[in-house]
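Undergrad: coords please:
(one chain, ligands or ions: 3)
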Amino acid sequence: MTVGNMETAALFDAGKKGRGLRASRELRAGEVVFAEPSFSAVVFDSFATQVCHSCFRHQAKLHRCAQCKFAHYCDRTCQTACWDEHKQECGAIKKIGKAPNEHVRLAARVLWRIHKDTGIASDSQLISVDQLEDHVADLPEGDLKKLQTDVHNFQQYWSRGRKQHSADYISHIFGIIKCNGFTLSDQRGLQAVGVGLFPNLCLVNHDCWPNCTVVLNHGKIELRALEKIPEGEELTVSYVDFLNLSADRQKKLKEHFHFECTCSHCSQHIKDDLMMDAAESKPSADKVKEVTAFSKECLEKIEKSRIQGDFHEVVKLCHECLGKQENVLADTHLYRLRVLSVASEVLSYMRSFSEAAGYARKMVEGYTKLYHPNNAQLGMAIMRAGVTHWHAGQIEAGHSLICKAYGILMVTHGPNHAMTRDLESMRTQTEVELKMFKQNEQEYHTMRDAALKKPVTSWEPPC
Ligand SMILES: [Zn+2]
Ligand SMILES: [Zn+2]
Ligand SMILES: [Zn+2]
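TA: Ligands and ions are numbered 1, 2, ... in the order given. Just a heads-up that it's a prediction; the model follows:
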């Protein structure tokens, strides 16, 4: 079955989990196990005119493909780099007059690529794309209906005269995309803008407490080791956020990826207790139950107001909820952390930096007790908390958080990633400011207040 080889990882039979990858030699924390370009990838429908169809960067001004008027690119270089992949798509879109949805576009790109390269795009690709799992048989009724519609639209889109495929084979390709597609985010890792298929990455099994992480870096995904991994150990990534109770993670994994998670954190319910814990002051069980129910309801209202953009209402609800939770729910309770996260984000957007910083710090303290020390989500939360403290004029805490985040992102994102580079320049800047602060506090605050009158860095939207 192995069709290619990699120096750092090898295919093996992972028992009940099916195929898996394991380390061929000892790996260091932060080491790139492998980097892989997409076999095929498309921009989501909703970002078709905002994101380059070649490099997936968000750009204010993009050039439209003169032929199909659908594809958009940064410039000639991006357009030329992508032409081989876009050529047939371009003709098909022109013919039917309108681009089909992202699933149909991706399925067609996959098939065009299979026709060209027989499912193997490079020497290091370990498995052919059409050998990946499809889980079509496990799809619920509603999803099957959607699949049939997609297959129908696909057949209209797929030009006549080309090799025709049976509906079953096309469903197989859609199934592969559905359970193996990897969401691509823009250059700052903030928004999901597209989806792609990365065959080697599909071989990496899930663990809720994984030893690797995946990051998109300059158009390729990188599998990066989160810790020292001994030779022969299975390589894993997490398909879901760890900050859910084990039963909830298992439910999500079952729904989206069709397997029962039996990882050690799920089977031993590790950290579930912390995520539901009561405050140290030992409130009564009834009180905890009451506040938990209140928080759940309140979080729904908060989410609604946030979607509507009513940030004053969001802040009001957060204050109310945090007040009730005080001395009842522990600082590691999931509901408390969720409210703290929204409160710090929205208050920071509203430029109430001091209050936002206080919440961000509590949130980071809770996250640190729950997440793997090199978790990417933790690194990014610490980065946001650092920036908030910095904007609040709390330069010592700001600098120390930014340094901490930089240390994590060096492992999870690597030194060349746009976010790590941002952090590096923030680290230098805050270091200079910290010196200034230590020499003359008064002067420092005057300088900071003036700087804050300028717009805040653009990568800090509220949602
Ligand atoms: Zn581009
Ligand atoms: Zn075109
Ligand atoms: Zn698990």
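Undergrad: residue ranges for the helices of the stretch 101-250 of the chain, please.
TA: Per DSSP state H, counting those that start in this stretch, the stretch 101-250 of the chain carries helices over the ranges 102-117, 141-157, 167-180, 199-202, 246-257.
Undergrad: Tabulate those helices (CSV), appending mean pLDDT.
TA: Formatted as CSV, these follow (pLDDT from 0 to 100):
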stretch, mean pLDDT
helix 102-117, 90
helix 141-157, 92
helix 167-180, 92
helix 199-202, 92
helix 246-257, 94
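Undergrad: what bridges to the nearest residue to residue 210 once chain neighbours are set aside?
TA: Once flanking residues are discounted, residue 210 sits nearest to residue 236: 4.1 Å by Cβ to Cβ, 6 or more residues apart in numbering. Glycine gets a C-beta too; all of them are placed from N, C-alpha and C. Under DSSP bridges, the beta-bridge partners of residue 236 are residue 205.
Undergrad: Next one: residue 236 from residue 264, what distance?
TA: Counting by Cβ to Cβ, to the nearest Å, the separation of residue 236 from residue 264 is 11 Å.
Undergrad: Looking only at neighbour counts, state which of these two leads.
TA: Between residue 236 and residue 264, counting by other Cβ atoms under 10 Å, residue 236 is the more crowded of the two (24 against 10).
Undergrad: for the chain, which helix is longest?
TA: helix 285-308 (DSSP state H).
Undergrad: elements contacting it?
TA: Packing partners of helix 285-308 (3 or more Cβ pairs under 8 Å, 6 or more residues apart in numbering; DSSP states H and E): helix 311-325, helix 334-349.
Undergrad: Tell me the buried residues in it?
TA: Across helix 285-308, burial judged by 16 or more other Cβ atoms under 10 Å covers 287-288, 291-292, 294-295, 298-299, 302, 305-306.
Undergrad: so can I have CSV of those showing pLDDT?
TA: Supplementary listing: these in CSV, determined by pLDDT from 0 to 100:
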residue, pLDDT
287, 96
288, 96
291, 97
292, 97
294, 97
295, 98
298, 97
299, 97
302, 97
305, 96
306, 94
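Undergrad: okay, the residues you listed in JSON lines with distance to ligand 2 next?
TA: Listed next are those as JSON lines, based on distance: Cβ to the ion, whole Å:
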{"residue": "287", "distance to ligand 2": "62"}
{"residue": "288", "distance to ligand 2": "58"}
{"residue": "291", "distance to ligand 2": "56"}
{"residue": "292", "distance to ligand 2": "53"}
{"residue": "294", "distance to ligand 2": "53"}
{"residue": "295", "distance to ligand 2": "50"}
{"residue": "298", "distance to ligand 2": "48"}
{"residue": "299", "distance to ligand 2": "44"}
{"residue": "302", "distance to ligand 2": "42"}
{"residue": "305", "distance to ligand 2": "41"}
{"residue": "306", "distance to ligand 2": "37"}
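Undergrad: how near is residue 198 to residue 150?
TA: 21 Å.
Undergrad: Tell me which of those two has more neighbours.
TA: Of the pair residue 198 and residue 150, residue 198 is the one with more neighbours under other Cβ under 10 Å, namely 26 against 21.
Undergrad: For the stretch 251-400 of the chain, give me the ranges with low pLDDT.
TA: For the stretch 251-400 of the chain, no stretch is flagged by pLDDT under 70.
Undergrad: So which residues on it come close to ligand 3?
TA: Neighbours of ligand 3 within the stretch 251-400 of the chain, by Cβ under 5 Å from the ion: 261, 263, 266.
Undergrad: swap the cut-off to 6 Å and go again
TA: 261, 263, 265-266 (Cβ under 6 Å from the ion).
Undergrad: hmm, back to that, quick one: the longest helix of the chain to chain centroid distance?
TA: Relative to its chain's centre, helix 285-308 lies at 25 Å (Cα atoms, centre = their mean, to the nearest Å).
Undergrad: C-alpha coordinates for that helix, PDB please?
TA: Included here for helix 285-308 are C-alpha records, laid out as PDB according to Å, rounded to 0.1, in the frame of the first residue of the first chain:
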ATOM      1  CA  ALA A 285     -24.000  21.400  45.200                       C
ATOM      2  CA  ASP A 286     -27.400  23.200  44.600                       C
ATOM      3  CA  LYS A 287     -25.700  26.500  44.200                       C
ATOM      4  CA  VAL A 288     -23.200  25.100  41.600                       C
ATOM      5  CA  LYS A 289     -26.000  23.500  39.700                       C
ATOM      6  CA  GLU A 290     -28.000  26.700  39.600                       C
ATOM      7  CA  VAL A 291     -25.100  28.800  38.500                       C
ATOM      8  CA  THR A 292     -24.000  26.200  35.900                       C
ATOM      9  CA  ALA A 293     -27.600  26.300  34.400                       C
ATOM     10  CA  PHE A 294     -27.600  30.100  34.500                       C
ATOM     11  CA  SER A 295     -24.200  30.300  32.700                       C
ATOM     12  CA  LYS A 296     -25.300  28.000  30.000                       C
ATOM     13  CA  GLU A 297     -28.300  30.100  29.200                       C
ATOM     14  CA  CYS A 298     -26.300  33.300  29.500                       C
ATOM     15  CA  LEU A 299     -23.600  32.000  27.100                       C
ATOM     16  CA  GLU A 300     -26.300  31.400  24.500                       C
ATOM     17  CA  LYS A 301     -27.600  35.000  24.900                       C
ATOM     18  CA  ILE A 302     -24.100  36.300  24.700                       C
ATOM     19  CA  GLU A 303     -23.500  34.500  21.500                       C
ATOM     20  CA  LYS A 304     -26.700  35.900  20.000                       C
ATOM     21  CA  SER A 305     -25.800  39.500  20.900                       C
ATOM     22  CA  ARG A 306     -22.300  39.000  19.600                       C
ATOM     23  CA  ILE A 307     -23.600  37.800  16.200                       C
ATOM     24  CA  GLN A 308     -25.900  40.900  16.100                       C
END
